[in-house]
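Chemist: With the sequence up front, the predicted model follows.
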Amino acid sequence: MRDLLARAAELAAEHRDGLADRPVAREVDPAALRAGFGQLRDAPAAPATVLEELARAAEPGLVATAGPRFFGFVIGGALPAATAADILATGWDQNGFNAVLSPAAAAAEETAGAWLKDLLGIPATASTGFVTGGQAANTVGLAAARHHVLAEAGWDVERDGLAGAPRVRVVASEERHATIDRALRLLGFGTRAVEPVKAGPQGAIDIDDLERKSRGDGPTIVCLQAGNVNTGACDDLRAARAAAKNAWIHVDGAFGLWAAANPKTAPFLDGVELADSWACDGHKWLNIPYDSGFVFCARPEVHAGTIAYRAAYLTGAGEVSGMGDLTLESSRRARGFAVWAALRELGRDGVAELVDRCCRLARRFADTLAEGGAEIANDVVLNQVLVSFGDDARTDALIDRIQRDGTCWLGGTTWRGRRYLRISVSNWTTTEADVDRSAAAILRLAAQ
């Protein structure tokens, strides 16, 4: 086992060491890639042989998403201490369901959860669930919202379901992330439950329209956004709380919630503490290995009452409320170790500097491309940049060229009826040189 894990670490380190120099993505023949993984054998194989076979088979299909010039989606590359901690967590093979199965996992989550709430401006009394990512965080947060608003209306949704329940109004921006809609589908509301609210020029929610849509005394859930997925714009959380006084407010802050950890961007999150639940990703700006997400709830008893379950074989086992009571999985990896390690490595100042640096690099990207003739569609307030070089067909053709070129990788998006290059700067290893090299490649390809 010692030699096997050492070789696995060596292979992983070799991959990470070469990320800055290799093409971000390469042309892949899917059939050939699948063929490289071979057929199921009849006879067993030595673990060391299997490891080498896996490394050879996977290598042609690995994308440098953890590298400094991957700007597609909003994902970072895992920090050194967080990566090593995740390797340890796998080696320790701890089940993060409760403190009986792993007192160490419970202590790591409790500690890291307190640190997260402190950095993000969330009340210290809120509960913290270590989930897989933004989708799970939104789903759990909205499940807690469903529980609470229906209980306030005299309905036990966990016992009686939604059939015959009072109608719940879900008020959300027309610019909401798609994971909100999927959560509503999974929770039985359906997407028709959404009463859309207008968004302003940069995608932040229109407060006047929110106030109009939030009027009424029935069960109401309001979904707000910290970090528009296209523009980075943040809803005015304080004004939204005042506009929707009686509603449960859920904040989808997959990446934008991290702005609260940087003094320069924290004003965008003014009033964040006034919400009822929050969703956040760890593998975005905090640069935690997959999978890592967080759901926070201002009412821990509602959070646990929504998610927890009891079974005869668990009775008297000494389980401690938390962990499995706050997430959807029972058999789950101990995610708190990597989160603790990342925060320990960065410290408060390091998290602030990481967020600030990515915002600076995004503005540098936008300024360089604008000087080269590109149209920048958004105010670059965080780490998101929308870029156009003309009509939609030309923009899509350019995206394809960029992805094939390999200097950097970015994707496209449709915003306000037009196609754009979408640049997200989230990686802890990205430098000014990476931005300049990538911008030069984009301008070169645009000129062809």
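Modeler: Nice, thanks for sending it over. The model shown is predicted, which means the values in this text are computed figures rather than measured ones. Residues are numbered from 1 along each chain as shown.

Chemist: Report the contact partners of P68.
Modeler: L19, A20, G77, N427, T429, T430, T431, D434 (C-beta atoms under 8 Å, 6 or more residues apart in numbering). Heads up, the C-betas are built off the backbone N, CA and C, glycines and all.

Chemist: show me where the stretch 151-300 of the chain has strands.
Modeler: Residue ranges of the strands in the stretch 151-300 of the chain, as given by DSSP state E, counting those that start in this stretch, are 169-173, 194-197, 220-225, 248-252, 277-281, 293-297.

Chemist: Tell me which other helices or strands the next helix-or-strand element following the last one touches.
Modeler: The one in question is strand 293-297. The element immediately downstream of strand 293-297 (helix or strand, assigned by DSSP states H and E) is helix 300-307. Under the contact criterion of 3 or more C-beta pairs under 8 Å, 6 or more residues apart in numbering; DSSP states H and E, helix 300-307 touches strand 127-131, helix 134-152.

Chemist: just the strands of the stretch 151-300 of the chain: most buried one?
Modeler: Of all the strands of the stretch 151-300 of the chain, strand 277-281 carries the top mean neighbour count, a mean of 30, counting by mean count of other C-beta atoms under 10 Å.

Chemist: With mean pLDDT and distance to D160 as added columns, please give the strands of the stretch 151-300 of the chain in JSON lines.
Modeler: As requested, these are arranged in JSON lines below (pLDDT from 0 to 100; distance: least, C-beta to C-beta, whole Å):
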{"stretch": "strand 169-173", "mean pLDDT": "98", "distance to D160": "19"}
{"stretch": "strand 194-197", "mean pLDDT": "98", "distance to D160": "23"}
{"stretch": "strand 220-225", "mean pLDDT": "98", "distance to D160": "18"}
{"stretch": "strand 248-252", "mean pLDDT": "98", "distance to D160": "19"}
{"stretch": "strand 277-281", "mean pLDDT": "98", "distance to D160": "22"}
{"stretch": "strand 293-297", "mean pLDDT": "98", "distance to D160": "22"}
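
Chemist: Dump the contacts of P68 to a markdown table, plus neighbour count and pLDDT.
Modeler: Conversion of those to a markdown table gives the following (neighbours: other C-beta atoms under 10 Å; pLDDT from 0 to 100):
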| residue | neighbour count | pLDDT |
| --- | --- | --- |
| L19 | 19 | 94 |
| A20 | 15 | 93 |
| G77 | 21 | 96 |
| N427 | 26 | 98 |
| T429 | 17 | 97 |
| T430 | 26 | 98 |
| T431 | 14 | 98 |
| D434 | 22 | 98 |
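
Chemist: Filter these down to just the ones in helices.
Modeler: Using DSSP state H, D434 are the members of the contacts of P68 that sit in helices.

Chemist: okay, the contacts of P68 in TSV with distance to D356 next?
Modeler: Compiled in TSV, these are given as follows (distance: C-beta to C-beta, whole Å):
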residue	distance to D356
L19	23
A20	22
G77	18
N427	14
T429	16
T430	13
T431	14
D434	17
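
Chemist: and of the contacts of P68, the nearest to D405?
Modeler: If you rank those by distance to D405 using C-beta to C-beta, D434 comes first, at 14.6 Å.

Chemist: residues contacting that closest one?
Modeler: Contact criterion C-beta under 8 Å, 6+ apart gives A20, P68, R69, C408 as the residues in contact with D434.

Chemist: Could you dump the strands of the stretch 151-300 of the chain into a markdown table with distance to F37 added?
Modeler: Formatted as a markdown table, the entries for the strands of the stretch 151-300 of the chain read as follows, by distance: least, C-beta to C-beta, whole Å:
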| stretch | distance to F37 |
| --- | --- |
| strand 169-173 | 42 |
| strand 194-197 | 42 |
| strand 220-225 | 40 |
| strand 248-252 | 37 |
| strand 277-281 | 29 |
| strand 293-297 | 29 |
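
Chemist: Fine by me, thanks again.
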